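Asker: can't give you the sequence, but here's the structure:
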Ligand SMILES: C[S@@+](CC[C@H](N)C(=O)[O-])C[C@H]1O[C@@H](n2cnc3c(N)ncnc32)[C@H](O)[C@@H]1O
């Protein structure tokens, strides 16, 4: 049986990981970095005007005078980190992608910003990245399996000072309800997101139980087949608050987006501001 057919016939088990996290895959990383930096490409980052509004809102939620140290989880090339540094915060940015961090470091140096960057899996954060506030922007939390989400929440709680703030956004239960299962294919004759080589990409979206979506991409080049599973767990306010409470956080505000727009039960995303309970 061909490798392509084998991949097409498989139904991944819940949260099954593919061989390599696509953010760090050398075939994908250069295109992802370009997508981060392309204002018109929403694949990796939101548009600059949204991030600007988001940085303003985060600064209003956790003012610099009381929350001077911020840890940006999954900082990518530093789009939030630089904006927060310009607003006077002392910023640490962590990301699992060496290519994103290399770019972020060079960009901070170019712009004269003293940002501390580290290549690190945010699920395994250690207290050395201590902070008054942490952010996890662009719905990354829901990409993790349940166990890793619990570990991430507990580790963030551990690195924040008592009463520290954690701001994160997720896709909403409404996003799950609106999602349709689909199968499609695309030919990238001169390369595309998944590799710079010519390839065919098969995309399948499947709905799993408990508000979990899978986007599975199977990429065939002239010499190999690679599959990438991207999981999205969607949340309602209650299910997100429950996971936060398990780690010792209380929800102090809920909005529809990480730019602070008023909560909308029909919205595609939910953002919560969590405060760490003081023991
Ligand atoms: C959707 S992008 C969002 C980037 C940034 N927060 C923004 O909004 O512009 C997700 C980022 O998280 C990083 N990432 C994914 N999984 C990670 C992990 N387990 N630990 C650290 N970073 C991770 C990726 O490399 C990527 O830069």
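Answerer: Perfect, thanks for sending it. Since this is a predicted model, take the numbers as computed values, not measurements.
Asker: and residue 35, what are its phi and psi?
Answerer: Main-chain torsions, residue 35, degrees, to the nearest 10: phi -70, psi -40.
Asker: mind checking how far the closest residue to the ligand within the chain is from residue 157?
Answerer: Minimum separation of the chain from the ligand (C-beta to the nearest ligand atom) falls at residue 74, amounting to 2.8 Å. To be clear about C-beta, it is placed using only N, CA and C from the backbone, and glycine gets the same treatment. Residue 74 sits 17 Å away from residue 157 when distances are taken as C-beta to C-beta, to the nearest Å.
Asker: same thing with residue 163?
Answerer: 11 Å.
Asker: tell me, what's touching those two both at once?
Answerer: In terms of C-beta atoms under 8 Å, 6 or more residues apart in numbering, residue 163 and residue 157 are both contacted by the residues residue 276.
Asker: so those two - more neighbours on which side?
Answerer: In this view residue 163 and residue 157 are compared by other C-beta atoms under 10 Å, and residue 157 has more residues nearby, 19 against 12.
Asker: which residues are in contact with that one?
Answerer: Neighbouring residues of residue 157 by C-beta under 8 Å, 6+ apart: 166, 247, 248, 249, 276.
Asker: for it, phi and psi?
Answerer: According to degrees, to the nearest 10, residue 157 has phi -60, psi -40.
Asker: helices of the stretch 51-200 of the chain, residue ranges please.
Answerer: 79-86, 98-110, 146-159, 173-178 (DSSP state H, counting those that start in this stretch).
Asker: please identify the most buried of those helices.
Answerer: helix 79-86 (a mean of 22; mean count of other C-beta atoms under 10 Å).
Asker: who's in contact with it?
Answerer: For helix 79-86, using C-beta under 8 Å, 6+ apart, the contacting residues are 36, 45, 48, 51-52, 54-55, 58-59, 70, 72, 75, 91, 93, 104, 107-108, 111, 113-115, 117, 135, 137.
Asker: for the chain, longest strand please?
Answerer: strand 160-171 (DSSP state E).
Asker: would you indicate which residues of it are buried?
Answerer: 160, 164, 165, 166, 167, 168, 169, 170, 171 (16 or more other C-beta atoms under 10 Å).
Asker: ok, and the closest non-adjacent residue to residue 220?
Answerer: Spatial nearest neighbour of residue 220, chain neighbours left out: residue 200 (4.8 Å); criterion: C-beta to C-beta, 6 or more residues apart in numbering.
Asker: phi, psi of residue 244?
Answerer: Given degrees, to the nearest 10, the pair of backbone angles that residue 244 has is phi -70, psi -40.
Asker: which residues touch it?
Answerer: Counting by C-beta under 8 Å, 6+ apart, residue 244 makes contact with 153, 166, 250, 251, 272, 274.
Asker: what helix or strand is the fifth one on?
Answerer: Just to be clear, that refers to residue 272. In this assignment (DSSP states H and E), residue 272 forms part of strand 269-276.
Asker: so which bits of this structure are right by the ligand?
Answerer: 23, 44-45, 74-76, 79-80, 94-97, 100, 121-123, 137-138, 140 (C-beta under 6 Å from any ligand atom).
Asker: all strands of the protein, in order?
Answerer: 69-73, 90-95, 116-119, 131-136, 160-171, 182-188, 199-208, 212-220, 225-233, 249-255, 269-276.
Asker: give me the sheet partners of the third one and which way each runs.
Answerer: Same thing as strand 116-119. strand 90-95 (parallel) (DSSP bridges).
Asker: touching the strand it pairs with from outside, list them.
Answerer: 23, 68-76, 78, 80-81, 84-85, 101, 104, 114-120, 122, 125, 129, 131.
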